[in-house]
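[1] Got a predicted model here, sequence first, then my questions.
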Amino acid sequence: MADESLFDFLHMEIVSHVYKEQQNSKGEMDNKDRAVCVSVLESMGFRVGQGLIERLTRDSPSFKDELDVMKFVCKDFWTKVFRRQVDNLRTNHQGTYVLQDNKFSLLTQLSSGKQYLDQAPKYLAFSCGIVRGALSNLGMDSVVTAEVSVMPSCKFQVVIQKL
Amino acid sequence: MAVCIAVIAKENYPLYIRSVPTQNELKFHYTVHTSLDVVEEKISAVGKSLGDQRELYLGLLYPTEDYKMFRKLHNSFTDVMCNPFHNPGDPIQSKAFDGIVSGMMVQTG
């Protein structure tokens, strides 16, 4: 079904557009510019995550605890957004969770090994924002980062901020 | 039919509040604030129980026909959240939301 590719293509263009915009105003990119691009993408994802979670949890009962929320994110939420479930969820039971997806849908078209590994973070910023936005509207402030060692497998680290 | 409808953000300030203007509005605003305490009580009670009582709608006062009303309100709130021009945390300014709320208020005059 072509509709699965719609978002993949749009996302690729969004990333490319944000980086091009930043480059046009300077000429060459330094680390600060790269950080700006990543945070623009992440904040877009944040707003999208907020709206998405309101829609997806409309009919679900309230969650018992943090772990319940994370399990929902790994199963139902990930299925609706990335078309598969998270493969592995680990936690230290003290607010840190690691979600491992071995075939992350936004990375599958890039490569299936170590090629383009340095470009991967650009394509993960938006998704980190989606997760952070979703958690935020469920009442949990968090910091979400992602790392890749072998494409298309990636790990999202969620650290819940306690007051 | 409602006499007063309010949507409260998680930081405890009102995103949207509207009441039938004939009566004492201040009294309604006060009731809204005190009902927040009841909501909090119910939520903490749910957390302690074994998880079977998992209602979204906590059914505060008259839980019979109000389910439909709450559902309509929740659905239109979800629509407002999905509007890209709405910033979460801002007061709700959507005309569509206003329309739904007027439909639920007591008809006077």
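    Received it, and whenever you're ready, just let me know what you need.

[2] Now B:Leu15: phi and psi?
    Backbone dihedrals for B:Leu15, given as degrees, to the nearest 10, come out at phi -90, psi -20.

[3] Look up how far A:Leu41 lies from the residue of chain A most remote from its centre.
    Using CA atoms, centre = their mean, the residue of chain A lying farthest from its centre is A:Gly27. It sits 28.6 Å away. Taking CB to CB, to the nearest Å as the measure, A:Gly27 falls 21 Å from A:Leu41. Where C-beta positions appear, they are placed from N, C-alpha and C, glycine not excepted.

[4] before we move on, the earlier item: quick one, what contacts the residue farthest from the centre of chain A?
    Contact analysis of A:Gly27 by CB atoms under 8 Å, 6 or more residues apart in numbering or on different chains lists nothing.

[5] Tell me if I am right that A:Tyr97 is in a strand.
    Yes - inclusion of A:Tyr97 in a strand is indicated when DSSP: H, G, I helix; E, B strand; the rest coil is applied.

[6] residues in chain A within reach of chain B, list them.
    A:47, A:50-51, A:54-55, A:58-62, A:64-65, A:137, A:139 (CB under 8 Å from any CB of the partner chain).

[7] show me where chain B has helices.
    Secondary structure of chain B (DSSP state H): helices located at B:25-48, B:66-82, B:95-104.

[8] ok, A:Ser43 - how many residues close by?
    Residues within reach of A:Ser43, counting by other CB atoms under 10 Å in any protein chain shown, total 15.

[9] what about it, helix or strand, and which?
    Under the criterion of DSSP states H and E, A:Ser43 resides in helix A:31-56.

[10] my guess is A:Arg58 meets B:Thr78, correct?
    Yes - under the criterion of CB atoms under 8 Å, A:Arg58 is in contact with B:Thr78, at a separation of 5.5 Å.

[11] Between those two, which is the more surrounded one?
    Using other CB under 10 Å as the criterion, A:Arg58 and B:Thr78 rank with B:Thr78 on top: 16 against 13.

[12] how much space between that one and A:Met151?
    Using CB to CB, one obtains 35 Å as the distance from B:Thr78 to A:Met151.

[13] And for A:Leu99?
    The value you get for A:Leu99 to A:Met151, if CB to CB is used, is 17 Å.

[14] what ranges do the helices span in chain A?
    Applying DSSP H to chain A gives helices spanning A:3-26, A:31-56, A:66-72, A:78-82, A:125-137.

[15] Quick one: the ones you listed as TSV, columns for mean pLDDT and distance to A:Gln161 too.
    Formatted as TSV, the entries for the helices of chain A read as follows, by pLDDT from 0 to 100; distance: least, CB to CB, whole Å:
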stretch	mean pLDDT	distance to A:Gln161
helix A:3-26	88	26
helix A:31-56	92	14
helix A:66-72	89	12
helix A:78-82	91	22
helix A:125-137	94	10
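
[16] Columns distance to B:Met69 on top of these, output as JSON lines?
    Rendered in JSON lines, the data for those read as follows (distance: least, CB to CB, whole Å):
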{"stretch": "helix A:3-26", "distance to B:Met69": "35"}
{"stretch": "helix A:31-56", "distance to B:Met69": "19"}
{"stretch": "helix A:66-72", "distance to B:Met69": "27"}
{"stretch": "helix A:78-82", "distance to B:Met69": "28"}
{"stretch": "helix A:125-137", "distance to B:Met69": "23"}
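
[17] Next, count neighbours for residue 98.
    You didn't pick a chain, so chain A it is. By other CB under 10 Å, the residues close to A:Val98 number 16.

[18] right idea, wrong chain: chain B
    The local packing of B:Asp98 (other CB under 10 Å) involves 14 other residues.

[19] Kindly report the same for B:Ser35.
    As a measure of burial, B:Ser35 has 15 neighbours, counting by other CB under 10 Å.

[20] And it, how close does it get to A:Val148?
    Looking at B:Ser35 against A:Val148, where the rule is CB to CB, the gap reads 48 Å.
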